[in-house]
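In: what's the 3D shape of this:
(2 chains)
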Amino acid sequence: DTGVSQNPRHKITKRGQNVTFRCDPISEHNRLYWYRQTLGQGPEFLTYFQNEAQLEKSRLLSDRFSAERPKGSFSTLEIQRTEQGDSAMYLCASSPTGEGSPLHFGNGTRLTVT
Amino acid sequence: SQQGEEDPQALSIQEGENATMNCSYKTSINNLQWYRQNSGRGLVHLILIRSNEREKHSGRLRVTLDTSKKSSSLLITASRAADTASYFCAPRMDSSYKLIFGSGTRLLVRP
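Out: Coordinates of the predicted model:
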């Protein structure tokens, strides 16, 4: 168990640019989640995958955000035409199927939009 | 709402003291989980308590659950400076796959 890996750890971008983050979950976990967290707040749910299927997308996610999980392994989160309000920590988590399965989080990607 | 609300928002104690954090929620649940987050890091799962359990222990952690009051508490005994972190509760409904987090309790343990 090597844990959930997120890359990059930090990303600074200019407003209007596109950015893409990657998450490598724990290999046997078929559930994958993306959360966004701003300073002093708890993580906000963004989207959820069961294997390669995206089963839920939060209304918080505008159409500038897209997430994929090809082949049910790693996942990418892309933000197009970034805005300053997108500055946040983006957290990925994975878990096995089953009630009560805890989420295993990565250490996040911190995005700063200037 | 599936979200848990932690109380207090912030807590400052001296090393060696006990820290108690509370969580309230509104729906019926299957289980409730507690997580810790150190500054700049991801969340780490601490303990899970099922709806048919009233108390659970793990090392210096003690969690209680009162489903009639829809509340839970997390007690950290003999706190250490390394316990300084934010703590989140996450109630989980039956057949729910996702966790919704509140704003957490920020614990500061002074050496």
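
In: Tell me how far stretch A:91-109 lies from the chain's centre.
Out: On the basis of C-alpha atoms, centre = their mean, to the nearest Å, stretch A:91-109 sits 11 Å off its chain's mean C-alpha point.

In: in chain A, which spans are strands?
Out: A:5-7, A:10-13, A:19-24, A:31-37, A:44-50, A:53-57, A:65-68, A:75-79, A:88-95, A:104-105, A:109-113 (DSSP state E).

In: which residues are contacting the third one?
Out: The set of residues that contact strand A:19-24 without belonging to it, under C-beta atoms under 8 Å, 6 or more residues apart in numbering or on different chains, is A:4-8, A:11, A:13, A:32, A:34, A:73-79, A:82, A:90, A:92, A:94, A:106, A:109, A:111. Every residue, glycine included, has its C-beta placed from N, CA and C.

In: Can you list the strands that it pairs with?
Out: Using DSSP bridges, the strands paired with strand A:19-24 in its sheet are strand A:5-7 (antiparallel), strand A:75-79 (antiparallel).

In: Please identify the most buried of those strands.
Out: Greatest average neighbour count among the strands paired with strand A:19-24 goes to strand A:75-79 (a mean of 20), per mean count of other C-beta atoms under 10 Å in any protein chain shown.

In: quick one: that one to strand A:44-50, angle?
Out: Inter-element angle recorded for strand A:75-79 and strand A:44-50: 140 degrees (by axes from the mean of the first three to the mean of the last three C-alpha atoms, to 10 degrees).

In: could you check the angle strand A:88-95 makes with strand A:75-79?
Out: 160 degrees.

In: contacting residues around strand A:75-79?
Out: A:18-23, A:25, A:32, A:34, A:46-47, A:49, A:64-69, A:86, A:90, A:92, A:111.

In: could the strands paired with strand A:19-24 be laid out in CSV, adding mean pLDDT?
Out: Formatted as CSV, the strands paired with strand A:19-24 follow (pLDDT from 0 to 100):
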stretch, mean pLDDT
strand A:5-7, 97
strand A:75-79, 98
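
In: Flag the helix or strand of chain A with the lowest per-element mean pLDDT.
Out: strand A:53-57 (a mean of 92; mean pLDDT, DSSP states H and E).

In: name the helices or strands packed onto it?
Out: Applying 3 or more C-beta pairs under 8 Å, 6 or more residues apart in numbering or on different chains; DSSP states H and E, one finds that strand A:53-57 contacts strand A:44-50, strand A:65-68.

In: Please identify the buried residues of the longest one?
Out: So the one you mean is strand A:44-50. A:E44, A:F45, A:L46, A:T47, A:Y48, A:F49 (16 or more other C-beta atoms under 10 Å in any protein chain shown).

In: Alongside chain A, which residues does chain B contribute?
Out: Within chain B, the residues that sit near chain A (C-beta under 8 Å from any C-beta of the partner chain) are B:30-31, B:33, B:35, B:40-45, B:48, B:50, B:88, B:92, B:94-95, B:97-104.

In: Fine by me, thanks again.
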